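>>> What follows is a predicted protein model with its sequence.
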Amino acid sequence: SAVISQKPSRDICQRGTSLTIQCQVDSQVTMMFWYRQQPGQSLTLIATANQGSEATYESGFVIDKFPISRPNLTFSTLTVSNMSPEDSSIYLCSAVGRENTEAFFGQGTRLTVV
Amino acid sequence: QKEVEQNSGPLSVPEGAIASLNCTYSDRGSQSFFWYRQYSGKSPELIMSIYSNGDKEDGRFTAQLNKASQYVSLLIRDSQPSDSATYLCAAGDSGGYQKVTFGTGTKLQVIP
């Protein structure tokens, strides 16, 4: 299984500002995903981070709000832009390896917007 | 809209008993299924994956898959208080895209 390091682990941010979350995998992976988990709810896929091209966003999520980069096969970032209290959530990075279909998760970033 | 349905619980079982967690999915083309355990405030941890009809056992855990009924289950034998967590069922995308859809999770409480 891949080991995924995600940072920051938590942050408290002012509304209107932006936060960039980093995700580093210890091996090359085919797919990387970004999820959001709001309090008491399950995981909602934000987008698929594609290496060398624009991310693929799910319904309800847009690039202007959640820009994503994936410059190589082991690293991705998610930016939460122009934050509001409604963006307070846990954001999770996930990766799927080359040899299998199981997805593994980073430790998550707990974001609070005040 | 692809969906994965789970009873939110809580499911309470006494220590040492068998906990049975159930899940149904809507995408008939899904070929891969996963169970994750999530402790409060932590990220999901993969417990089991299953791809073929029947049972798959790993230690105290047994995953069961019935594609005809679009049904997945997880049995936890000899339940321990440390098993108390939310269990998320997930189904892989039928398009072979390696994207998964998660259920809302079942909260399990193992009573000492």
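Yep, it's here.
>>> pLDDT of the helix or strand where residue A:34 lies, averaged?
According to DSSP states H and E, residue A:34 maps onto strand A:29-37. Averaged over strand A:29-37, pLDDT sits at 91.
>>> Mind checking what helix or strand follows that strand in sequence?
Following strand A:29-37 toward the C-terminus (DSSP H and E): strand A:43-49.
>>> any idea how far residue B:101 is from the most centrally placed residue in chain A?
Central residue of chain A (CA atoms, centre = their mean): residue A:34, 3.4 Å from the mean position. Relative to residue B:101, residue A:34 is positioned 15 Å away (criterion: CB to CB, to the nearest Å). Yep, even glycine has a C-beta here, placed from its N, CA and C like the rest.
>>> do residue B:90 as well
Here the distance between residue B:90 and residue B:101 works out to 6 Å (CB to CB).
>>> Out of the helices and strands in chain A, which is least certain?
When each helix and strand of chain A is scored by mean pLDDT, DSSP states H and E, strand A:103-105 comes last, with a mean of 86.
>>> Please name every helix or strand in contact with it.
Strand A:103-105 makes packing contacts with strand A:89-97, strand B:45-50 when contacts are defined by 3 or more CB pairs under 8 Å, 6 or more residues apart in numbering or on different chains; DSSP states H and E.
>>> Kindly recompute the last result at 10 Å.
With contacts defined as 3 or more CB pairs under 10 Å, 6 or more residues apart in numbering or on different chains; DSSP states H and E, the packing partners of strand A:103-105 are strand A:4-7, strand A:29-37, strand A:89-97, strand B:33-38, strand B:45-50.
>>> Which other helices and strands does the third one contact?
In this structure, strand A:89-97 packs against strand A:4-7, strand A:19-25, strand A:29-37, strand A:43-49, strand A:75-80, strand A:103-105, strand A:109-113, with contacts taken as 3+ CB pairs under 10 Å, 6+ apart.
>>> quick one: contacts for residue 50?
Going with chain A. Residue A:50 makes contact with A:31-32, A:56, A:68, A:70, A:76, according to CB atoms under 10 Å, 6 or more residues apart in numbering or on different chains.
>>> I was after chain B.
B:32-35, B:56, B:62-65, B:72-74.
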